[in-house]
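> Quick one: sequence and predicted model below, then my questions.
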Amino acid sequence: MEVVEHVTDLESCLENACRLLKRGGMLFLSTMNRTLKSMILAIVAAEYVLRWVPRGTHSWNKFVRPSEVCSMLRARGVIVQNISGMKYRVLQNDWCVTSDDVDVNYLLAAYSSHFWRS
């Protein structure tokens with residue numbers, strides 16, 4: 001979880017991950033969307049205000065929009081099955097999966113539609 005936004009070469013990372021999938025094999029990932037809301041909540045709030053993670057942990061320019069990930073996966077014969085948001089609920093002090101808010105964190109499930117050749 002939460003690895004994609006730390007990868008230097010996302011294209012290469014996804015290429016290698018997709019190459020390891022068998023036909024019908026599933027790929028699951030979670031990352032952060034590149035939005036103003038994610039900058040405020042995932043960087044300013046989480047790193048500087050709440051100090052949940054060390055300052056400098058995230059680089060907003062490495063956050064990835066769902067459409068960008070979908071495009072990279074589609075080019076490799078991997079079909080996105082579901083994208084869901086994940087958000088923190090302050091009053092409940094927990095996290096929940098949501099279908100209507102992918103503005104900050106999101107989860108993606110996809111499957112391979114063909115065999116890779118080495």
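Received, thanks. Residues are numbered from 1 along each chain as shown.
> and the longest strand for the chain?
Secondary structure of the chain per DSSP state E: the longest strand is strand 78-89.
> Could you list every helix and strand in contact with the very next helix or strand once past that strand?
Remark: after strand 78-89, the chain's next helix or strand is strand 94-98, criterion DSSP states H and E. Under the contact definition 3 or more C-beta pairs under 8 Å, 6 or more residues apart in numbering; DSSP states H and E, strand 94-98 sits against strand 78-89. Any C-beta I mention is one placed from the backbone N, CA and C, and that applies to glycine too.
> quick one, phi/psi of residue 112?
The phi/psi pair for residue 112 (degrees, to the nearest 10) reads phi -80, psi 140.
> now residue 104
When read as degrees, to the nearest 10, the backbone of residue 104 gives phi -120, psi -80.
> Test my guess that it contacts residue 32.
Yes. With contact defined as C-beta atoms under 8 Å, residue 104 counts as touching residue 32 (6.2 Å).
> what touches both of the two?
38, 42 (C-beta atoms under 8 Å, 6 or more residues apart in numbering).
> To what extent is residue 93 buried, counted in neighbours?
The tally of other residues near residue 93 (other C-beta atoms under 10 Å) stands at 7.
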